[in-house]
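K.L.:
Kindly return the folded structure for what I paste below:
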Amino acid sequence: MSAGAIVIGKTNLDQFATGLVGLRTPYQAPRNPLRRDLIPGGSSAGSAVAVAAGIVPLAFGTDTAGSGRVPAMFNNIVGLKPSLGLISTRGIVPACRALDCISVFALSVEDAWIALRVIAGYDANDPYSRDRALGVLKTVSVGVRLGIPLISQRLFFGDLRAAADYESALGLLARMGFSLAEVDIEPLSEAAQLLYDGPWLAERYLAVRKVLEENPKALHPVTRAIIAPGKSIKASDSFVAFYRLAQLRRAADDIFKRIDALILPTAPTVYTCEAGRSD
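P.N.:
Model (predicted):
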């Protein structure tokens, strides 16, 4: 408010920010304004839909494993995930408190950046806040090295159009003068998998433990099935995963010694709401 923005309201999302489809909600799911039969993406579905539909020029959500970027893609808008700790998360309902970020939805990169400049900053009352300098928005210089996955790692689940569009985008970047280099992204994929198949499920469980224990039927069935196993994760499992994550971070450092940025499809394909609800 002090920066001049007017808060319009709050938006719908995948319950407890668990999901990338936008359908796992006890309320009516937000509708994709581009095609009503397609999923809106999640978890911050309502925020993306509100911007795409022209209700607001920008909105906020969260992003732990794609909850900001995925709905932005499905609604053809800009989704910005900041570096961890750049924006204070004090006051939000956490999904994975140690990993959550506030995401920004906007109609342009410039608008997203303006919002980021306003809300970024160190918060001494948020233990996960980091005192990080905010860069400057500028034109990318030619010669920047862009990493792309090995051909065997470009997964589109049979969506030939999405695969062709990705290849077309790579061709455009090459013609613009960027250097493209194939890199093995398996360490990054393995790290991502830890979030849903590893001990970080215990962190999700902590966020909703009271509801799960006192009123489990209040959770969407899929959400409950994902989070509930987090109760049985052992401390020893957590340390095994922490050690492996440290190894994967080192592998990621090696990848980024060769490149300046990764060019990846935000999501490999898109599904209809009917398909999303049936699976």
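
K.L.:
Need the phi and psi values for the spatially closest residue to residue 85 that is not a sequence neighbour.
P.N.:
What sits nearest to residue 85 in space, not counting adjacent residues and going by Cβ to Cβ, 6 or more residues apart in numbering, is residue 130, at 3.2 Å. Any C-beta I mention is one placed from the backbone N, CA and C, and that applies to glycine too. Backbone torsions for residue 130, taken as degrees, to the nearest 10, come to phi -120, psi 140.

K.L.:
From residue 87, how far out is residue 130?
P.N.:
10 Å (Cβ to Cβ, to the nearest Å).

K.L.:
These two: which has the busier surroundings?
P.N.:
Neighbours were counted for residue 130 and for residue 87 using other Cβ atoms under 10 Å; residue 87 has more, 25 against 13.

K.L.:
if we can go back for a sec, enumerate every residue touching the residue nearest to residue 85.
P.N.:
Shown in contact with residue 130 (Cβ atoms under 8 Å, 6 or more residues apart in numbering): 83, 84, 85, 86, 122.

K.L.:
so who does the last one touch?
P.N.:
Applying Cβ under 8 Å, 6+ apart to residue 122 gives the contacts 88, 129, 130, 131, 132.

K.L.:
Next: the first one.
P.N.:
For residue 83, the contacting residues are 101, 130, 132, taking Cβ under 8 Å, 6+ apart as the criterion.

K.L.:
Quickly find the element holding residue 105.
P.N.:
strand 101-106 (DSSP states H and E).

K.L.:
And for the residue nearest to residue 81 when sequence neighbours are not counted, the neighbour number?
P.N.:
The shortest distance from residue 81 to any non-neighbouring residue, by Cβ to Cβ, 6+ apart, is to residue 63 (4.3 Å). Counted with other Cβ under 10 Å, the neighbours of residue 63 add up to 25.

K.L.:
and residue 63, what are its phi and psi?
P.N.:
The phi/psi pair for residue 63 (degrees, to the nearest 10) is phi -150, psi 110.

K.L.:
Let me see the ranges of the helices in the stretch 101-250 of the chain.
P.N.:
Secondary structure of the stretch 101-250 of the chain by DSSP state H, counting those that start in this stretch: the helices cover 109-119, 160-175, 186-197, 200-214, 221-227, 235-255.

K.L.:
Of those helices, which is nearest residue 276?
P.N.:
For the helices of the stretch 101-250 of the chain, the distance to residue 276 is smallest for helix 221-227, at 10.0 Å, taking Cβ to Cβ.
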